[in-house]
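**Student:** below is the sequence, then the predicted model.
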Amino acid sequence: MVNQSPTRTAGTTTAGAKPSRGASRAWLASHWAGLAACAVAIPAAFAVHLLVPAVPVMTMAVVFGILAANLPGVRDWVAGPWKAGLGFAGRKLMRAGIVLLGLKLSIVDVLALGWGTFGVVVAVVLLAFGGTYLIGKAFRLPGDQPLLIATGFSICGASAIGAMSAVRNSKQQDTVIPVALVTLCGTLAIAVLPLLMGPLGLSPHAFGQWVGASVHDVGQVVATAQTGGAAALAVAVVIKLMRVLTLAPMVAMAGVVTRRRQGQADGGAMKLPPIVPAFILGFVALVAVRSLLPVPAEVLAAATVVQDILLAAALFGLGAAVRIRELFSSRGSAVLMAMCSWALIAGLAYGGILLLQG
């Protein structure tokens, strides 16, 4: 009996090590094909952006994903061998990209525009969020879709949707539809808003303010505002970053509500999600680094490239979960609701700009 114990212990150790190596191999076997598809889609999205600078990389990544999910032949790969890798990209790589987004934000730059501008932008975000959420409920969109669409449209597009869906543990279908809609409306903004600059009598500075306060994704803001010149682009980016700053507190509030509801539903038996996810803490930490320390331009440039790659992979993965038929189901209620939200935030932002000018 005594002589058998070491043998069992050793066998247990060996057996315990094998599942770890086996799990790694199994993970690679199930994920490599989807990640390889991302590795092909990302350079293609960048290539389109280089050829047509007005088309943001992130927009093309979502478009390529949607095409892959709906083209005959390719969609079988999306639903089969690529599925696990694309899901990993849509969840984990999105969170890593959001962390690096923090390096774009300097509190000093934001406050340089003044407290009045900051207050107007925050008011626009809150009103757009609440209004869009109510519109989503009025259109009877299922699950977390009203909340996620409100988050994406009011704050920073797909990145905000990914952050909110993580803290809410939203279903994949509740996430991919908002991503597709925010991409659709952001792309429309690139084409439509510059046409309104003249009729509305907006100066380049005011046009930049309007774009920064109303367009969803950072890349879409850049593509839209640059049509108004360098002055418009500069103010648009800073105001957009003001909106991005609201991401952390909004996600934190959602985390508090989610914990409370889950705790009430299961009597505290289940493990509750964190109030603020680790990747949001990482985002806040990098905002602090950028605001308090002199970060070399080379580091910022490299971080931007890595962030763009991560977010492009994530958006390709999310886009690959969108089925056109489902997007336009229920007589296109989700698309119609998104258009209403787009008009709402554009109107609120325009009103805010008039208030600042007055």
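**Tutor:** Received the coordinates, thanks. Residues are numbered from 1 along each chain as shown.
**Student:** going forward, measure contacts between C-alpha atoms and count neighbours the same way
**Tutor:** Will do.
**Student:** ok, residue 177 touching residue 324?
**Tutor:** No. The pair residue 177 / residue 324 is not scored as a contact, 9.6 Å apart, by CA atoms under 8 Å.
**Student:** if you count what's nearby, which of the two comes out ahead?
**Tutor:** residue 177 (25 against 14; other CA atoms under 10 Å).
**Student:** what comes up buried for the host helix or strand of the more buried one?
**Tutor:** Assigned by DSSP states H and E, residue 177 belongs to helix 172-196. Buried residues in helix 172-196, counted by 16 or more other CA atoms under 10 Å: 173-190, 193-194.
**Student:** tell me the helices and strands packed up against the host helix or strand of residue 351.
**Tutor:** Per DSSP H and E, residue 351 falls inside helix 329-357. Applying 3 or more CA pairs under 8 Å, 6 or more residues apart in numbering; DSSP states H and E, one finds that helix 329-357 makes contact with helix 115-138, helix 172-196, helix 204-214.
**Student:** present these as CSV; the columns should include mean pLDDT.
**Tutor:** As requested, the helices and strands packed on helix 329-357 are exported to CSV (pLDDT from 0 to 100):
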stretch, mean pLDDT
helix 115-138, 93
helix 172-196, 88
helix 204-214, 94
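**Student:** export these to JSON lines and tack on distance to residue 334?
**Tutor:** Below are these laid out as JSON lines (distance: least, CA to CA, whole Å):
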{"stretch": "helix 115-138", "distance to residue 334": "8"}
{"stretch": "helix 172-196", "distance to residue 334": "8"}
{"stretch": "helix 204-214", "distance to residue 334": "19"}
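**Student:** out of the ones you listed, flag the one nearest residue 72.
**Tutor:** helix 172-196 (19.7 Å; CA to CA).
**Student:** just checking, what packs against that closest one?
**Tutor:** Packed next to helix 172-196, using 3+ CA pairs under 8 Å, 6+ apart, are helix 57-70, helix 145-151, helix 157-168, helix 218-225, helix 297-319, helix 329-357.
**Student:** run through the neighbouring helices and strands of the second one.
**Tutor:** In this structure, helix 145-151 makes packing contacts with helix 115-138, helix 157-168, helix 172-196, judged by 3+ CA pairs under 8 Å, 6+ apart.
**Student:** okay, buried residues for stretch 90-105 please.
**Tutor:** Those would be 90-91, 93-105, for stretch 90-105 by 16+ other CA under 10 Å.
**Student:** average pLDDT for it?
**Tutor:** Average pLDDT, stretch 90-105: 89.
**Student:** what's in contact with it?
**Tutor:** Contacts to stretch 90-105, defined as CA atoms under 8 Å, 6 or more residues apart in numbering, come from residues 159, 162-163, 166, 241, 245, 279-280, 282-287, 289-291, 300, 303-304, 306-308, 310-311, 313-318.
**Student:** redo that, cut-off 7 Å
**Tutor:** With CA atoms under 7 Å, 6 or more residues apart in numbering as the test, stretch 90-105 has contacts from 159, 162, 241, 279-280, 282-284, 286-287, 290, 303, 307, 310-311, 314-315, 317-318.
**Student:** swap in stretch 152-165?
**Tutor:** With CA under 7 Å, 6+ apart, stretch 152-165 has contacts from 94, 98, 125, 128-129, 148, 151, 175, 179, 182, 216-218, 243-244, 247, 251.
**Student:** again with stretch 313-321
**Tutor:** With CA under 7 Å, 6+ apart, stretch 313-321 has contacts from 38, 42, 58, 61-66, 68-69, 78, 86-87, 89-91, 93-94, 176, 180.
**Student:** now that stretch - C-alpha only, CSV.
**Tutor:** Below are the C-alpha coordinates for stretch 313-321, written out as CSV (Å, rounded to 0.1, in the frame of the first residue of the first chain):
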residue,chain,number,x,y,z
ALA,A,313,-10.3,41.6,-36.2
ALA,A,314,-13.0,41.9,-33.6
LEU,A,315,-15.3,43.7,-36.0
PHE,A,316,-14.7,41.2,-38.7
GLY,A,317,-15.7,38.5,-36.2
LEU,A,318,-18.8,40.4,-35.1
GLY,A,319,-19.8,41.2,-38.7
ALA,A,320,-19.4,37.5,-39.6
ALA,A,321,-22.3,36.8,-37.2
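**Student:** that stretch: how far from the chain's middle?
**Tutor:** 11 Å (CA atoms, centre = their mean, to the nearest Å).
**Student:** now do the same contact list for the residue nearest to residue 206 when sequence neighbours are not counted.
**Tutor:** Nearest residue to residue 206, sequence neighbours excluded (CA to CA, 6 or more residues apart in numbering): residue 353, at 6.7 Å. Residue 353 makes contacts with 206, 209-210, as judged by CA under 7 Å, 6+ apart.
**Student:** JSON lines for the helices and strands packed on helix 145-151, including distance to residue 22?
**Tutor:** Listed next are the helices and strands packed on helix 145-151 as JSON lines, based on distance: least, CA to CA, whole Å:
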{"stretch": "helix 115-138", "distance to residue 22": "45"}
{"stretch": "helix 157-168", "distance to residue 22": "28"}
{"stretch": "helix 172-196", "distance to residue 22": "28"}
